[in-house]
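Chemist: pasting a predicted model and its sequence here:
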Amino acid sequence: MSQSQQRYFITLSYDGTNFSGWQFQPNHPSIQEEIENALTVLTRVSQKIIGCGRTDTGVHADYYIAHWDGPKELTSNFAMKMNALLPRSISIHSIIPVKDNAHARFDATSRKYHYFLHTRKNPFLKLYSYEFPFYNLDFIKIQEAAKILLEFDEFLPLIKLDKETKKTKCLLYTSEWIQLDEHAWRYEVSANRFLHNMVRRIVGTSIMIGRGKLSLESFRDSLIHQTPLQYINLAPANGLHLVDVVYPYPFSLK
């Protein structure tokens, strides 16, 4: 970083419906590309940013952090100008100066996701919650499955193995289903990091358990021995929301 630059944390949120996830992909729309393009227009120099993590196609972020090395002096309305250039599906909340070595991805100590599920047809939820009116679900068993997950720190049966890192371990802090109303539920899960497809596979497998297609005993046994599950189901992306990212130092009010 040059002496004329300052590192910033950019806090934002986005509706991932029409994007191929956070990370830049050639010939596919991404959140990263949209923000970099806006920064480039405003600074008149090609800009790059680094996000706190990848999100899949169609996944949303209620709260997301990226870091950016930009000019030391920004106008007070710089965030407003960014929002004017960005599509309505992306909102910049704040741009905060941070220390030169602050890193949006590697410094994060905890991330939290919510997954929304509703069991009655609702046209106003379809883009942001998994509509599942097809079978009655046993949420007592589903809740027990969520508790079982807290006993483990390795999750090979519940992930799509990443070819780049091939990591199978993470530390879960919370895993719980919350009933929002008679027909709506939210799965809340937090961890030091999340593995590829992990939350969507947890939810999909939980639905199999709630339908009686997979027993809690088989679920636990698969996690104990790290063997493939008899049934695996990937819940759709639209129900998944990144809602919090925690750092070991203060930098802003959310």
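Modeler: Perfect, I can see it now. Numbers count the residues shown, from 1 in each chain.
Chemist: in its sheet, what does the strand ranked longest in the chain sit against?
Modeler: In the chain, taking DSSP state E as the definition, the longest strand is strand 60-71. For strand 60-71, the pairing partners within the sheet under DSSP bridges are strand 5-14 (antiparallel), strand 49-51 (antiparallel), strand 240-246 (parallel).
Chemist: in JSON lines, list the ones you listed along with mean pLDDT, mean neighbour count and distance to D100.
Modeler: In short, each C-beta sits where N, CA and C put it, glycine included. As requested, those are exported to JSON lines (pLDDT from 0 to 100; neighbours: other C-beta atoms under 10 Å; distance: least, C-beta to C-beta, whole Å):
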{"stretch": "strand 5-14", "mean pLDDT": "97", "mean neighbour count": "20", "distance to D100": "5"}
{"stretch": "strand 49-51", "mean pLDDT": "97", "mean neighbour count": "19", "distance to D100": "14"}
{"stretch": "strand 240-246", "mean pLDDT": "98", "mean neighbour count": "20", "distance to D100": "20"}
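Chemist: what's the closest of those strands to Y128?
Modeler: Taking C-beta to C-beta, strand 240-246 is the member of the strands paired with strand 60-71 nearest to Y128, at 7.4 Å.
Chemist: just the CA atoms of that closest one, as CSV, please.
Modeler: The C-alpha coordinates for strand 240-246 follow below in CSV (Å, rounded to 0.1, in the frame of the first residue of the first chain):
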residue,chain,number,x,y,z
LEU,A,240,-29.6,-18.4,3.2
HIS,A,241,-28.5,-15.1,4.7
LEU,A,242,-25.1,-14.1,6.1
VAL,A,243,-26.1,-11.9,9.0
ASP,A,244,-23.0,-11.2,11.0
VAL,A,245,-19.2,-11.1,10.9
VAL,A,246,-17.2,-10.6,14.0
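Chemist: name the residues that touch it?
Modeler: For strand 240-246, contacts defined as C-beta atoms under 8 Å, 6 or more residues apart in numbering pick out 52-53, 55-56, 59-65, 108-116, 128, 190, 199-200, 203.
Chemist: of those residues, buried ones?
Modeler: 52-53, 55-56, 59-61, 63-65, 108, 110-116, 128, 190, 199-200, 203 (16 or more other C-beta atoms under 10 Å).
Chemist: filter these down to the ones in helices?
Modeler: In this view, those that belong to helices under DSSP state H are V199, R200, V203.
Chemist: ok, then the element right after the longest strand of the chain?
Modeler: Downstream of strand 60-71, the next assigned helix or strand under DSSP states H and E is helix 78-85.
Chemist: can I get that following helix in CSV? Just the C-alpha atoms.
Modeler: Taking Å, rounded to 0.1, in the frame of the first residue of the first chain, the C-alpha atoms of helix 78-85 are listed here in CSV:
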residue,chain,number,x,y,z
PHE,A,78,-18.6,9.0,-0.9
ALA,A,79,-20.8,6.1,0.3
MET,A,80,-23.9,8.0,-1.1
LYS,A,81,-22.2,8.3,-4.5
MET,A,82,-21.4,4.6,-4.5
ASN,A,83,-25.0,3.8,-3.8
ALA,A,84,-26.1,6.0,-6.6
LEU,A,85,-24.0,3.9,-9.0
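Chemist: list the helices and strands that helix packs on?
Modeler: Under the contact definition 3 or more C-beta pairs under 8 Å, 6 or more residues apart in numbering; DSSP states H and E, helix 78-85 sits against helix 31-43, strand 90-97.
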